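Novice: Model the structure of this input:
(2 chains)
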Amino acid sequence: ELKVEQNPLFLSMQEGKNYTIYCNYSTTSDRLYWYRQDPGKSLESLFVLLSNGAVKQEGRLMASLDTKARLSTLHITAAVHDLSATYFCAVGHFGNEKLTFGTGTRLTIIP
Amino acid sequence: DSGVTQTPKHLITATGQRVTLRCSPRSGDLSVYWYQQSLDQGLQFLIQYYNGEERAKGNILERFSAQQFPDLHSELNLSSLELGDSALYFCASSVSGGNGYTFGSGTRLTVV
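Specialist: The predicted structure follows:
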């Protein structure tokens, strides 16, 4: 059974600092996704990573995938308050389109 | 607006009752997925339909069922509701799962 772990679960950081969220998964997968969720809201797609070594960047967020280590990272550069949200990674299952989500990382940016 | 429409947005009902949640996918998307989000279990995949047929099943209780109609909208039926069924239920759609899903705004179900 595919298991997805994220850490940390909670992250409080000051504006302007850098930090990384980690997503580890237990079995081989061919795709990994990052989503953002604001409280009580829907999930917004951030990144789709489909190959080993894939790196994608959007603004202050950068995601990478190492399929051999079964690890993805979401790096935040020079954090701003607007980035406060919960971030989820989700891993695809071979042979079907089901996703298994991580536990989420609740990120709070402090001015 | 993501293009995935879910109704109703909020639903409050009593234990033992039955409710139906509705989802209209983005135009052109053939796949619909249902997820449950609760505080204790996180985001759990329930079921996927593709062009009217069940494609994949997850942790869906026997009291729950779903279907996808010829116009591609989908309904999730929850029966014999229990307090523990209180959660956010999301629908998502995709053309092809490889490029990820688009999520709807969710239905918040409260069972009292």
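Novice: if we look at stretch B:57-71, which residues are touching it?
Specialist: A:98, B:32, B:34, B:44-54, B:74-81 (Cβ atoms under 8 Å, 6 or more residues apart in numbering or on different chains). C-beta: built from backbone N, CA, C; applies to glycine.
Novice: Which of these fall in strands?
Specialist: B:32, B:34, B:44-50, B:53-54, B:74-78 (DSSP state E).
Novice: and residue 72, what is it in contact with?
Specialist: By default, I'm working from chain A. Counting by Cβ under 8 Å, 6+ apart, A:Ser72 has contacts A:22-23, A:25, A:32, A:34, A:49, A:63-66, A:89.
Novice: ah, I was thinking of chain B
Specialist: Contacts of B:Leu72 (Cβ under 8 Å, 6+ apart): B:24-25, B:29-30, B:32, B:51-52.
Novice: Compare these and tell me which is most surrounded.
Specialist: For these, the largest neighbour count, defined by other Cβ atoms under 10 Å in any protein chain shown, is 31 neighbours, found at B:Val32.
Novice: shouldn't that one be in contact with B:Phe90?
Specialist: No. With contacts defined as Cβ atoms under 8 Å, B:Val32 does not count as touching B:Phe90, sitting 10.9 Å away.
Novice: What separation is there between the residue nearest the centre of chain B and B:Thr110?
Specialist: Within chain B, the residue whose C-alpha comes closest to the C-alpha centroid is B:Trp34; the distance, by Cα atoms, centre = their mean, is 3.4 Å. The gap separating B:Trp34 from B:Thr110 is 18 Å, by Cβ to Cβ, to the nearest Å.
Novice: gap between A:Val48 and chain B?
Specialist: 5 Å (Cβ to the nearest Cβ, to the nearest Å).
Novice: Just give the nearest non-adjacent residue to that residue, would you?
Specialist: B:Gly100 (4.8 Å; Cβ to Cβ, 6 or more residues apart in numbering or on different chains).
Novice: Does the one you found touch A:Leu50 like I think?
Specialist: No. Using Cβ under 8 Å, B:Gly100 is not in contact with A:Leu50; the gap is 9.8 Å.
Novice: Which one's more surrounded, those two?
Specialist: For B:Gly100 versus A:Leu50, neighbours defined as other Cβ under 10 Å are more numerous around B:Gly100 (24 against 16).
Novice: per-residue confidence for the more buried one?
Specialist: On the pLDDT scale, B:Gly100 is placed at 78.
Novice: For it, give me the backbone phi and psi.
Specialist: Dihedral pair for B:Gly100: phi 90, psi 180, per degrees, to the nearest 10.
Novice: interface residues of chain A facing chain B?
Specialist: A:31, A:33, A:35, A:40-45, A:48, A:50, A:88, A:90, A:92, A:96-104 (Cβ under 8 Å from any Cβ of the partner chain).
Novice: what about residue 105, how many residues close to it?
Specialist: I'll assume chain A. Residues near A:Thr105, counting by other Cβ under 10 Å: 21.
Novice: please go with chain B instead
Specialist: B:Ser105 - counted by other Cβ under 10 Å - has 19 other residues nearby.
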